[in-house]
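**Q** Here is my input; please provide its structure:
(chains A, B, C and D)
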Protein chains: 2
Amino acid sequence: MTAYILDRIEGQLDTLSRSEADVGRWVLEHPRQVIDQSISELAVVAGVSEPTIIRFSRSVGVSGFRELKTRLIANLQRPESYLHHDVDAQDSAIDAAGKVLERSIWALVELREQIPKQPLEAAVEAMATARQLVFSGLGASGIVAEDACHKFFRLGIPCSSTVDSQTILQRAAIAGVGDVHVAISHTGQWPDLVRAMALARRNGATVIALTDPRAPLAEQASLVIECHPPEDTNLYTPMCSRLAQLALLDALQVALALARGEAAEVALSRSKDVLRYR
Amino acid sequence: MTAYILDRIEGQLDTLSRSEADVGRWVLEHPRQVIDQSISELAVVAGVSEPTIIRFSRSVGVSGFRELKTRLIANLQRPESYLHHDVDAQDSAIDAAGKVLERSIWALVELREQIPKQPLEAAVEAMATARQLVFSGLGASGIVAEDACHKFFRLGIPCSSTVDSQTILQRAAIAGVGDVHVAISHTGQWPDLVRAMALARRNGATVIALTDPRAPLAEQASLVIECHPPEDTNLYTPMCSRLAQLALLDALQVALALARGEAAEVALSRSKDVLRYR
DNA sequence: TTCAGTTATGTAGCAAAACTACAAATATAT
DNA sequence: ATATATTTGTAGTTTTGCTACATAACTGAA
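**A** Okay, the predicted model is just below:
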């Protein structure tokens, strides 16, 4: 889900069909003109039919022509310097670190743009009235789950985190109405996690998934919060999704604290006070 | 051709008629939502009729609603828009979440600017030749330590994480030459952690501190990497420092992987392969 | 080659969006 | 109070993005 839609088009150019690639090339060469064009105008200059434009849009990962334009406008506002910043073997430690940080920043900027589309109000409402919160994740997401638990318990809500398949399944088996399970997974593909959440939901629990909306996990969830920065194929950068998940849970926690008002405020300031040094 | 349409709207607000000013205020408060709205939707929430929206657009100097949206998208891409506002009790979940994320982004941007001043090369060198890495942190930083451990072991270096005072002290007591201890602490004030790192260092270990360079912990460390985004006094402020620490360790890990070259690459891809789904 | 099955592309039509013309309502001046 | 100007909304038109379906172009096996 990249704001650098032009990069994405370029990268996918050879996986597209002939007509769609024609569109792609035209867009890459005249992105600023596309912004002021309608589908039919673009269809004429690219030499294809109108539906092809729409299919092209979907192929490069946006919902339609409207969103394609939105992405182009956004892309063209960005400084070039954020482009092409993959770490390579010649980089010094400082260069490499800078690039990694830029990529992380970029992932959060992307995430921030998604926020208005996410069902946060519904998530907050479910959590505000929950009997308990259970955060589940495997591998790196397990650590995110633990972090979330560590953060949400301060609001005075019973919280726990589960980070291995067995425990997640057992938890799901005894879940009931009023429980809110938060499943964290970048890919949303792990069969055990998907099974567990399906089970929890059958048992009456609310399941909130932080994942890719097209993943199996999303199908089982009551609420899906999209959190799926594209992980680079680059070997060295498997960490953007983790950061995005953490930041999103931060945001949720604050929203939840606001929703719970007074009670949360008291619990929060107590847990802050106890950490003073003298 | 002003890219900052929001500024323009704000400036013209008092020259507009009552209904048009209503629209202007709504747009200023929810610019991101307007991007995904149609005229009729905006008309409803602003409490005016559809043509008023178009007249408003023209009043602020664009040709129509379409261009207004274009300008908004462009405006919101500008980095200045990420200057943070504080969360307050009137915010909706989405507004609050947006603000929290903006603050996190800002913290990382600050951190990125610090990167060239940090002794990363030295840290990488120490880690590259280490007998083992020990990550230590208390509370929220403990989770960062665990995350780091989870990340660095993939490079094929013996790693562990310690997250409570007793264990940290014991580890420090048996530390020796070749061990690298990484202490993670926002304030750098916790007496137990400071004592433990002083002890580890006396025993010959290298101590890398991710903390405030003016803190006691920094004095005891062999290397200090500054990682100290100002925590807000605001009750609802999330832990930006946690995010910054994670991102910085991500960066360090990548730099370290590069430094170790071939060996790390093999270990990394092995630990990725084992996680495939079928 | 031929022919089924698949993929790619286009035609025609629809629903929603942006926009316009005009009339009603409101404010302002005499 | 009346006339004039300004502001706002109603109803209708045009444009736009999109969908359903049909046709064309490939692909691979007999």
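**Q** so who does the residue nearest to residue A:31 when sequence neighbours are not counted touch?
**A** Nearest residue to residue A:31 in three dimensions, chain neighbours excluded: residue A:72, at 5.3 Å (C-beta to C-beta, 6 or more residues apart in numbering or on different chains). The way it works is simple: take the backbone N, C-alpha and C, and place the C-beta from them, glycine included. Counting by C-beta atoms under 8 Å, 6 or more residues apart in numbering or on different chains, residue A:72 makes contact with A:5, A:6, A:27, A:31, A:34, A:35.
**Q** Residue B:113 versus the closest residue to DNA strand D within chain A, what's the distance?
**A** For chain A and DNA strand D, the shortest gap (C-beta to the nearest atom of the strand) falls at residue A:64, measuring 2.4 Å. In this view, residue A:64 and residue B:113 are 38 Å apart by C-beta to C-beta, to the nearest Å.
**Q** Then residue A:21?
**A** In terms of C-beta to C-beta, residue A:21 sits 40 Å off from residue B:113.
**Q** the more surrounded of the two?
**A** Under the neighbour definition other C-beta atoms under 10 Å in any protein chain shown, residue A:21 and residue B:113 were set side by side, and residue A:21 has more, 17 against 11.
**Q** Correct me if wrong: residue A:52 contacts residue A:43.
**A** Yes: using C-beta atoms under 8 Å, residue A:52 is in contact with residue A:43, at 7.0 Å.
**Q** Strands of the stretch 51-200 of chain A, start to end?
**A** Using DSSP state E, counting those that start in this stretch, the strands of the stretch 51-200 of chain A run over A:132-137, A:159-162, A:179-184.
**Q** Need the winner for burial among the ones you listed.
**A** strand A:179-184 (a mean of 28; mean count of other C-beta atoms under 10 Å in any protein chain shown).
**Q** That one packs against which elements?
**A** strand A:132-137, helix A:140-152, helix A:191-202, strand A:206-211 (3 or more C-beta pairs under 8 Å, 6 or more residues apart in numbering or on different chains; DSSP states H and E).
**Q** need the next SSE after the last one, C-terminal direction.
**A** Next in sequence after strand A:206-211, counting helices and strands by DSSP states H and E, comes helix A:216-220.
**Q** Could I get the buried residue list for that following helix?
**A** Neighbour counts over helix A:216-220 (16 or more other C-beta atoms under 10 Å in any protein chain shown) mark A:216, A:217, A:218, A:220 as buried.
**Q** tell me the contacts of the second one?
**A** Contact analysis of residue A:217 by C-beta under 8 Å, 6+ apart lists A:183, A:185, A:188, A:189, A:190, A:193, A:194, A:197, A:209, A:211.
**Q** quick one on the thing from earlier: kindly indicate which of the buried residues of helix A:216-220 lies nearest residue B:158.
**A** The closest of the buried residues of helix A:216-220 to residue B:158 turns out to be residue A:217 (C-beta to C-beta; 33.7 Å).
**Q** List the single closest residue to that closest one in space, sequence neighbours excluded.
**A** Residue A:217 sits nearest to residue A:188 (C-beta to C-beta, 6+ apart), 3.5 Å away.
**Q** List the residues that contact that neighbour.
**A** A:194, A:209, A:211, A:212, A:215, A:216, A:217, A:218.
**Q** Chain neighbours aside, what residue packs nearest to residue A:105?
**A** Closest to residue A:105 by C-beta to C-beta, 6+ apart is residue B:108, at 4.8 Å.
**Q** Tell me if I'm right that residue A:182 and residue A:133 touch.
**A** Yes: if you go by C-beta under 8 Å, residue A:182 and residue A:133 touch, sitting 6.5 Å apart.
**Q** Against residue A:239, how distant is the nearest residue to residue A:192 once chain neighbours are set aside?
**A** Spatial nearest neighbour of residue A:192, chain neighbours left out: residue A:165 (4.0 Å); criterion: C-beta to C-beta, 6+ apart. Applying C-beta to C-beta, the value for residue A:165 to residue A:239 is 22 Å.
**Q** residues from the stretch 1-150 of chain A in reach of DNA strand D?
**A** Within the stretch 1-150 of chain A, the positions adjacent to DNA strand D are A:38-40, A:50-51, A:54, A:57, A:63-67, A:69 by C-beta under 7 Å from any atom of the strand.
**Q** Turn those residues into a markdown table, including pLDDT and neighbour count.
**A** Shown next, in a markdown table, are those (pLDDT from 0 to 100; neighbours: other C-beta atoms under 10 Å in any protein chain shown):
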| residue | pLDDT | neighbour count |
| --- | --- | --- |
| A:38 | 90 | 12 |
| A:39 | 91 | 19 |
| A:40 | 89 | 10 |
| A:50 | 90 | 15 |
| A:51 | 92 | 10 |
| A:54 | 92 | 17 |
| A:57 | 92 | 23 |
| A:63 | 85 | 11 |
| A:64 | 90 | 13 |
| A:65 | 93 | 19 |
| A:66 | 88 | 14 |
| A:67 | 89 | 15 |
| A:69 | 90 | 25 |
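**Q** Among those residues, which lie within helices?
**A** A:39, A:40, A:50, A:51, A:54, A:57, A:65, A:66, A:67, A:69 (DSSP state H).
**Q** how far away is the last one from residue B:140?
**A** Residue A:69 sits at a distance of 42 Å from residue B:140 (criterion: C-beta to C-beta).
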